[in-house]
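**Q** sharing a sequence plus its predicted fold:
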Amino acid sequence: LKRLRAIIGPSTYKAQEGTNTRGANGVFWCEIKEASQGKTLIQNLGKEGKKKYKEILGEVESDLIYPLLRGEDISKWSARPRCYIIVPHDPLTGRIYPEAHLKLHYPATFRFLSSFKNELIARKLYGKNIKDRFPFYILFQVNKDTFSRYKVVWREVATDFNASVVGPVEDLRIGSKVVVPAHTVVFIPLQSEEEAHYLCAMLNSSLVRLIVRSYLHLHPSPHVMNYVKIPLYDPRNELHRQLVTLS
């Protein structure tokens, strides 16, 4: 109990949920068929999610295609994306590209997404409050952290709490890309690989997992970090460096 009390409390590290299509997984989630000269031939995964969409083949600019990490792709110490996502947002700011910008710089992607314009406008959260202020192809829960180089990740729905580290992916078809988490993933954004592995080792420790299991059964959401007082990574601390190596 003394050891547990020492680490119960809010952490300096903050977590958040991944990218949310608000019912349009079948439009933005995709698989790559082939790629050449800055363009990628994709097919949307129309059967993904509760709402089903027509599946079409189309070219999009490779710059806007990212590896997608879903909850089902994560296990303890392992996170391996198996499909892709179209993200028409600026990776430097996280903001959605305006229609004029997308038409000029990414015309193929604009044509592809326009094939689903009516369905995207009909999304539940794309209503009176935002439809006149944001393009029809906007994604939700996207910000600068979405494009962080390293992320400590875990499933948003799980009966146990297991974390992993995911870093940039070297993809022969779309180049070096950061991994974008789906809404079924909770993540902590980091720029340092060493710090990411330190944090992952701490989260996978028996004490932290005991605390999480003591009050959660199914949804280890971002609020987990309100209850585990993990200190910031200190590269001068020998124990911290050992945890990095172990992870």
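**A** On my side now, so go ahead.
**Q** scan this structure for its longest strand.
**A** In the chain, with assignment by DSSP state E, the single longest strand is strand 29-36.
**Q** what mean pLDDT does that one have?
**A** Confidence over strand 29-36, taken as the mean pLDDT, stands at 94.
**Q** taking strand 29-36 as reference, get the angle to the helix or strand following that strand.
**A** Stepping forward along the backbone from strand 29-36, the first helix or strand reached (DSSP states H and E) is strand 39-44. Taking axes from the mean of the first three to the mean of the last three Cα atoms, to 10 degrees, one finds strand 39-44 and strand 29-36 inclined to each other by 150 degrees.
**Q** export the helix or strand that strand 39-44 is followed by as PDB, just CAs?
**A** Past strand 39-44, heading to the C-terminal end, the next element that is a helix or strand (DSSP H and E) is strand 57-61. Listed in PDB are the C-alpha atoms of strand 57-61, where the atom choice follows Å, rounded to 0.1, in the frame of the first residue of the first chain:
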ATOM      1  CA  LEU A  57     -10.300   2.700 -56.700                       C
ATOM      2  CA  GLY A  58      -8.700   6.100 -57.100                       C
ATOM      3  CA  GLU A  59      -5.400   8.000 -57.100                       C
ATOM      4  CA  VAL A  60      -4.500  10.300 -54.200                       C
ATOM      5  CA  GLU A  61      -1.300  12.200 -53.400                       C
END
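**Q** what helices or strands is the helix or strand following strand 57-61 leaning on?
**A** Read in the C-terminal direction, the helix or strand following strand 57-61 is strand 65-69, with elements assigned using DSSP H and E. Here strand 65-69 touches strand 29-36, strand 83-86, strand 175-177, strand 180-181, going by 3 or more Cβ pairs under 8 Å, 6 or more residues apart in numbering; DSSP states H and E. Just so you know, the C-beta spots here come from the backbone N, C-alpha and C atoms, and that holds for glycine as well.
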